[in-house]
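[1] Pasted the sequence and its predicted model underneath.
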Amino acid sequence: MTITKSLPARAQAQLSVQEVRIQRGGHLVLDGVSLTVAPGNRWGVVGENGRGKSTLLHVLAGTLPPDAGSVHLIGTIGVAEQELRADDGATVADAVENELAAARSALRTLEVSSAALADGSPGAEEQYATALAAAEVLDAWDADRRVDVALEALGAVTDRSRRLAELSVGQRYRVRLACLLGAGHDFLLLDEPTNHLDAAGLAFLTDRLRSHPGGVVVVSHDRALLSDVATSVLDLDPSQDGRPRVYGDGFAGYQARRRAEVARWQVEFDEQQAEQARLAHDLSQAQHRLQTGWRPDKGTGKHQRATRAPGLVRAVHRRQEELRRHVVDAPEPPLRFRMPPLPGRPGVVLLRADDVRVTGRLPHSVSVEVQSGSRLVITGPNGAGKSTLLAVLAGELPPTAGRVHRSLAARVRLLRQESPRADTRTAAEVFAAHIQHLVQTGVGGGGAAVSLSGLGLFRSADLRRPVGDLSMGQQRRLDLALALASRPQVLLLDEPTNHLSIALVDELTEALQATDAAVVVATHDRQLQHDLDAWPRLAIETTSPSSPEQCEGLAS
Ligand SMILES: Nc1ncnc2c1ncn2[C@@H]1O[C@H](COP(=O)(O)OP(=O)(O)OP(=O)(O)O)[C@@H](O)[C@H]1O
Ligand SMILES: [Mg+2]
């Protein structure tokens, strides 16, 4: 592993991994992965949840040594991890100092060498020139301003004395991202950066990534961001030759070529299956003819009559051997989400919130009526209170003012924005315990129990792994399964696309449009908002407390 990362290398910066192989939790996660990131390259990394996208980012960042393969870095890297923990006591200022350490140190060295220069110390001129060059390459004088601009634009906490542990996950992520954008690293490695950004933050991030002079690697399920930013795409999903695929013509180009490749793979596989079936049939016929002493029709030459049947068997064997050598692997059947039927109770108002408000979290009073089968999209900037409103509707948070009425026996389920803490039980055990709890508490499922494997959210091997070992997206898939387990009549979904793979986001969007249950979705996801643009919309704003938002009598 070659890593040189004290100062930005700008045009000379290099980052690459070659033939990386890595196991995690006893499973082979990445094999034969190579990626070269040069200044000006913007890579999008895609793949099913649990495929190893975050693992690859850690390998690129030099924080996870691969079992085989090499990592090569010249320059500096800034990493925004998918999961962000906060050290006890660390503040926003600490996060800023951490990212600006190189700039601070360059300015200190410049100060010392400038004093030495004034004193006429020997060698001072050279030291000063080196220190000045370092400060210039970092544009160290402007670093704080850059961070402040980014904090502001991303809607992050600007008060540097705030403790990170007291901030929400989204607030912490925005602080981290702003620091990275301000620090001026050669390479930016961002894992699901859109999860916690509102429309203004997304526009800022998109703009900054597009104009970043260094290299960018972004792991994202956000189709709009990938379309706007990625110049190349690395797809970690299985391919016909078993190696990760690289596409050089942006996200749209990737989508078209990937679709064509999978279709061609399937055709080749189907053709080969048909050919093998035909050969097996020919072979068994030839063998049967040999056993029953079959001879060609009269008139055929004597020599031919004696050798034709064994010759046929040999030819079939040869062909079968050939096919075995060039076997086309079956395309791994992609996971396909199957939404369980959810019940509707036409004409019934299942849930109603009248002028609800929560001090400090949902400043304007909001009214919402949820009829059976109705739809609603809640939008608004970060901090407007979307999650708070959903928690109030779910009955998990009492409003400071206003009232929530819920129809007796209405089953309301909330998919929270973030997964709860990691569990040592397996996904199958967590789901089974949940079903048992539902049965014990008399929450009927409105039909047959939902089966976890039937939802198509997990490969069976992953169901037997501890939840704590699952990827973020896999943990969120489990949350979705738990939310669906009781066959709710009202589904409240808080940023449902966060952490989910692109394929699942598409399938879920389709399922939400078709279900009989009422669905309330809070989302900043531009593609999801576009896909659901026929749904009624409630825009929560933070700006004018005098004009409370109202949204009643939702359309079904
Ligand atoms: N700390 C860990 N211990 C054991 N296994 C792990 C650990 N972290 C990840 N894994 C496993 O490695 C595999 C890849 O995980 P990774 O987080 O890289 O996936 P991902 O592609 O980023 O998924 P997602 O889209 O859900 O973020 C998964 O099977 C996961 O269960
Ligand atoms: Mg990940």
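    That came through, no problem. Ligands and ions are numbered 1, 2, ... in the order given.
[2] which stretches of this protein have low pLDDT?
    Screening the chain residue by residue with the criterion pLDDT under 70, one finds the ranges 1-5, 290, 293-308, 326, 328-333, 444-447, 543-556.
[3] and if we set it to 50?
    Low-confidence segments of the chain (pLDDT under 50): 2-4, 544-556.
[4] Which residue ranges make up each domain of it?
    Residue ranges for each domain of the chain read 257-325, 349-551, as given by automatic domain parsing.
[5] Look through the stretch 1-150 of the chain and state the residue closest to ligand 2.
    Closest to ligand 2 within the stretch 1-150 of the chain is Ser54: 3.2 Å, counting by C-beta to the ion. No exception for glycine: its C-beta is placed from N, CA and C like everyone else's.
[6] So which bits of this protein are right by ligand 1?
    Proximity of the chain to ligand 1, by C-beta under 6 Å from any ligand atom, involves residues 24-25, 27, 29, 47, 49-55, 82, 469-474, 499, 501.
[7] Show me how to select, in PyMOL, the buried members of those residues.
    Written as a PyMOL command, the selection of buried residues from those, which uses 16 or more other C-beta atoms under 10 Å, is:
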select buried, resi 24+29+47+49+50+51+52+53+54+55+82+469+470+471+472+473+474+499+501
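[8] Could you list which of the residues of the chain next to ligand 1 belong to strands?
    Members of the residues of the chain next to ligand 1 lying in strands (criterion: DSSP state E): 24, 27, 29.
[9] part of a helix, is Ile22?
    No: secondary structure assignment (DSSP: H, G, I helix; E, B strand; the rest coil) places Ile22 in strand, not in a helix.
[10] Is it in contact with Leu60, as I believe?
    No: proximity of Ile22 to Leu60 does not meet the contact threshold set by C-beta atoms under 8 Å, at 11.7 Å.
[11] Which one of those two is surrounded by more residues?
    For Ile22 versus Leu60, the count of surrounding residues by other C-beta atoms under 10 Å is larger for Leu60: 25 against 21.
[12] ok so that one is a helix residue?
    Yes: membership of Leu60 in a helix is supported by three-state DSSP.
[13] residues in contact with it?
    By C-beta atoms under 8 Å, 6 or more residues apart in numbering, the contact set of Leu60 is 15, 17, 35, 37, 71, 77, 187, 189, 217.
[14] Make CSV out of those and add distance to Pro381 and secondary structure.
    Supplementary listing: the contacts of Leu60 in CSV, determined by distance: C-beta to C-beta, whole Å; DSSP: H, G, I helix; E, B strand; the rest coil:
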residue, distance to Pro381, secondary structure
Leu15, 34, strand
Val17, 37, strand
Leu35, 35, strand
Val37, 32, strand
Val71, 39, strand
Ile77, 30, strand
Phe187, 30, strand
Leu189, 27, strand
Val217, 28, strand
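[15] Mind putting these into JSON lines with neighbour count and distance to His437?
    Written out in JSON lines, the entries for the contacts of Leu60 read as follows (neighbours: other C-beta atoms under 10 Å; distance: C-beta to C-beta, whole Å):
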{"residue": "Leu15", "neighbour count": "28", "distance to His437": "48"}
{"residue": "Val17", "neighbour count": "22", "distance to His437": "44"}
{"residue": "Leu35", "neighbour count": "20", "distance to His437": "44"}
{"residue": "Val37", "neighbour count": "26", "distance to His437": "47"}
{"residue": "Val71", "neighbour count": "19", "distance to His437": "46"}
{"residue": "Ile77", "neighbour count": "24", "distance to His437": "45"}
{"residue": "Phe187", "neighbour count": "27", "distance to His437": "46"}
{"residue": "Leu189", "neighbour count": "26", "distance to His437": "40"}
{"residue": "Val217", "neighbour count": "27", "distance to His437": "41"}
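[16] can I get these in JSON lines with distance to Leu389?
    Supplementary listing: the contacts of Leu60 in JSON lines, determined by distance: C-beta to C-beta, whole Å:
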{"residue": "Leu15", "distance to Leu389": "42"}
{"residue": "Val17", "distance to Leu389": "44"}
{"residue": "Leu35", "distance to Leu389": "42"}
{"residue": "Val37", "distance to Leu389": "41"}
{"residue": "Val71", "distance to Leu389": "45"}
{"residue": "Ile77", "distance to Leu389": "38"}
{"residue": "Phe187", "distance to Leu389": "39"}
{"residue": "Leu189", "distance to Leu389": "34"}
{"residue": "Val217", "distance to Leu389": "35"}
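[17] that older thread, give me whichever of the domains of the chain is most buried.
    Mean neighbour counts were compared across those using mean count of other C-beta atoms under 10 Å; the top stretch is domain 349-551, at a mean of 18.
[18] interface residues of the protein facing ligand 2?
    By C-beta under 5 Å from the ion, the part of the chain that sits against ligand 2 consists of 53-54, 82.
[19] now with 6 Å?
    Applying C-beta under 6 Å from the ion, one finds that the chain approaches ligand 2 through 53-54, 82, 191, 471-472.
[20] Output those in JSON lines; the columns should cover distance to Leu180.
    Compiled in JSON lines, the residues of the chain next to ligand 2 are given as follows (distance: C-beta to C-beta, whole Å):
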{"residue": "Lys53", "distance to Leu180": "18"}
{"residue": "Ser54", "distance to Leu180": "16"}
{"residue": "Gln82", "distance to Leu180": "14"}
{"residue": "Asp191", "distance to Leu180": "12"}
{"residue": "Ser471", "distance to Leu180": "22"}
{"residue": "Met472", "distance to Leu180": "19"}
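[21] Which of those residues fall in helices?
    In helices, defined here by DSSP state H, the members of the residues of the chain next to ligand 2 are 53-54, 472.
[22] sorry, back to before: save the domains of the chain as JSON lines, and put in distance to Thr91 too.
    As requested, these are exported to JSON lines (distance: least, C-beta to C-beta, whole Å):
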{"stretch": "domain 257-325", "distance to Thr91": "44"}
{"stretch": "domain 349-551", "distance to Thr91": "19"}
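[23] Enumerate every residue touching Val316.
    Taking C-beta under 8 Å, 6+ apart as the criterion, Val316 is in contact with 279, 282-283, 286.
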